[in-house]
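# Sequence below, structure please.
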Amino acid sequence: KSAANMGSVLLSQEFKKHNIPVGILHPGFNKTAMTAKYAEIWEVEGAVDASVGAMRVFHEISKINMDTTGKFVNCEDGLEIPW
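Below you'll find the predicted structure:
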């Protein structure tokens, strides 16, 4: 995961000269088969249905631009996650 994040940062630096933004997104805690083993804490930790999580991701994708390129953004709140 760290390598993928770093690869995205390097990609954003490479694409910057071509004016192509690269978004790096954390989708948040979603209720899926993959997170079902944490079902007992879904509500406490704020997990959302996958459809809500997808809409959050689409919303953040729509905001990607050259000012946000290479930044790691949390789709739950739209805030940058510091490296």
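
# residue contacts, Tyr38?
Glu45, Ala47 (CB atoms under 8 Å, 6 or more residues apart in numbering). (C-beta placed from N, C-alpha, C; glycine too.)

# next one: the one 4 residues further on
Under the criterion of CB under 8 Å, 6+ apart, the contact list for Trp42 reads Phe29, Lys31, Thr35.

# now, which of those residues sits nearest Met66?
Using CB to CB, Phe29 is the member of these that lies nearest Met66, at 29.3 Å.

# Name the nearest residue to the closest one, sequence neighbours excluded.
Among residues not flanking Phe29 along the chain, Ala47 sits closest, at 4.4 Å (CB to CB, 6 or more residues apart in numbering).

# This structure: helices as residue ranges?
Ranges of helices in the chain, per DSSP state H, are 2-16, 42-45, 50-62.

# For the longest one, name the packing helices and strands.
Judged by 3 or more CB pairs under 8 Å, 6 or more residues apart in numbering; DSSP states H and E, helix 2-16 is in contact with strand 24-26.

# Can you give the distance of the strand it packs on from its chain's centre?
2 Å (CA atoms, centre = their mean, to the nearest Å).

# Likewise for stretch 46-64?
For stretch 46-64, the distance to the chain centre is 9 Å (CA atoms, centre = their mean).

# Just put the helices of the chain in JSON lines and tack on mean pLDDT and distance to Gly78.
Formatted as JSON lines, these follow (pLDDT from 0 to 100; distance: least, CB to CB, whole Å):
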{"stretch": "helix 2-16", "mean pLDDT": "94", "distance to Gly78": "18"}
{"stretch": "helix 42-45", "mean pLDDT": "96", "distance to Gly78": "18"}
{"stretch": "helix 50-62", "mean pLDDT": "97", "distance to Gly78": "6"}
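
# Which one, of these, ends up nearest to Trp83?
Per CB to CB, nearest to Trp83 of the helices of the chain: helix 2-16, 7.9 Å.
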